[in-house]
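Undergrad: starting from these lines, generate the structure:
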Amino acid sequence: MNEAQQLTRLETRVSKKAKEFIIDYGNKHGARSQGEAIEKMIQELSVSNANELVSDLVAEQTAARVIDSLKKSYLDPMRIRTGYVDKQTKALLEVMNHIIVKGEFDQENVITTDVLEANVLTTAQDKVQKDIEHFRQRKASLEEKRKASNEL
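TA: Next up is the predicted model:
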């Protein structure tokens, strides 16, 4: 079959603006007729949709890989259960509170914990550890009370 036999007649009405767009598009893309211009637009739209689907798929796979790598390295169940992340955040909050209250923050002379661990950090970490132990004790006693009430 030749190309003429594969074509189908389409009679439709469009606005003047749409017709001008089709003609302009056809002129820019070397179309011999308005029908050919519409065909080229459809092909371009199909390619664009396919590219969008591929980019969405790549984005989803990338996000899944990033999440998996974070779960393995930073958010593993042991760290979550032991409160490692929460403990460090609370310790940081205690340190920042001390610095703000005392007004001893100097931007030019910032010392990180790998150089020197300040007494305030050690004290804050100890306080947070005691808070976590207290919370665990309260949780354990509440669970014991629940078990005892369920047994009755």
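Undergrad: pLDDT score for the residue nearest to the spatial centre of the chain?
TA: Nearest to the mean C-alpha position of the chain, by CA atoms, centre = their mean, lies residue 63 at 6.9 Å. Here, the pLDDT recorded for residue 63 equals 70.
Undergrad: swap in the one 10 residues further on?
TA: At residue 73, the model reports a pLDDT of 57.
Undergrad: what's the answer for residue 9, then?
TA: We have a pLDDT of 83 for residue 9.
Undergrad: flag the shaky bits of the protein, pLDDT-wise.
TA: 1-5, 67-85, 93, 97-112, 114-115, 152 (pLDDT under 70).
Undergrad: 50 - rerun?
TA: 1 (pLDDT under 50).
Undergrad: can you give me the strands for it?
TA: Counting by DSSP state E, the chain forms no strands at all.
Undergrad: max-length helix in it?
TA: helix 34-73 (DSSP state H).
Undergrad: counting by contacts, list what that helix packs against.
TA: helix 16-28 (3 or more CB pairs under 8 Å, 6 or more residues apart in numbering; DSSP states H and E). To be clear about C-beta, it is placed using only N, CA and C from the backbone, and glycine gets the same treatment.
Undergrad: list the contacts of the helix it packs on.
TA: With contact meaning CB atoms under 8 Å, 6 or more residues apart in numbering, helix 16-28 is reached by 14, 31-34, 36-38, 40-41.
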